[in-house]
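**Student:** Next come a sequence and a model predicted from it.
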Amino acid sequence: MGTTGVIKIGRQELYERVWSTPMMTVCRDYGIRNVGLAKVCRRHKIPCLPRGYWAKTHSGQSVRRTPLPVCPDPILQTVEIHPTPPKPARQAVAFDPTSPPSWTRSAGFRRSPSPPPSTTRTRWSGRGVEGEDQATGA
């Protein structure tokens, strides 16, 4: 299945696909995100997997499969999925060892001498734990 154009599938087919394959695999195949697939399922009254379904299945526990409810609306019988376009690839930036790192502070930046408004004077005094001066003799 490609990720270009609109993908049209039947409601029953999507139900079988969602309940037989992990959601992330189905999303990747249709070119949409997991939230988008959940919305499509909700709009077309297709039950999604409960949390922990695949973990329980792989550990050997039996998990009850929610049956596909009857939907009399003929419009909801065909599911249209509009894949999201892929993000453009980021271009690599060449490393220049002579340039300073981007995270260094600029020369004009100075730390404010006043404490933030949420702190008290004793916490901001710079002495650390109260009574530390007496223990060191300073």
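**Tutor:** Looks like it came in fine.
**Student:** what number of residues lie near the residue lying closest to residue 26 once chain neighbours are set aside?
**Tutor:** Leaving aside its sequence neighbours, residue 26 sits nearest to residue 17 (C-beta to C-beta, 6 or more residues apart in numbering; 5.6 Å). Just so you know, the C-beta spots here come from the backbone N, C-alpha and C atoms, and that holds for glycine as well. Look at residue 17: counted by other C-beta atoms under 10 Å, it has 17 neighbours.
**Student:** Give the buried residues for stretch 44-51.
**Tutor:** Buried residues in stretch 44-51, defined by neighbour count with 16 or more other C-beta atoms under 10 Å: 44, 46, 48, 49.
**Student:** which residues touch the third one?
**Tutor:** It stands for residue 48. Residue 48 is in contact with 18, 23, 38, 41, 42, counting by C-beta atoms under 8 Å, 6 or more residues apart in numbering.
**Student:** Can you tell me the SS state at the last one?
**Tutor:** Read that as residue 42. Here residue 42 is recorded as helix under DSSP: H, G, I helix; E, B strand; the rest coil.
**Student:** Could you look up the SS state of the closest residue to it other than its chain neighbours?
**Tutor:** Spatial nearest neighbour of residue 42, excluding adjacent residues (C-beta to C-beta, 6+ apart): residue 48 at 7.7 Å. Assigned by three-state DSSP, the conformation of residue 48 is coil.
**Student:** for the protein, which spans come out with low pLDDT?
**Tutor:** Residue ranges of the chain with pLDDT under 70: 1-4, 100-138.
**Student:** mind listing the helices in it by residue range?
**Tutor:** 11-20, 23-30, 34-43, 53-58, 121-124, 132-136 (DSSP state H).
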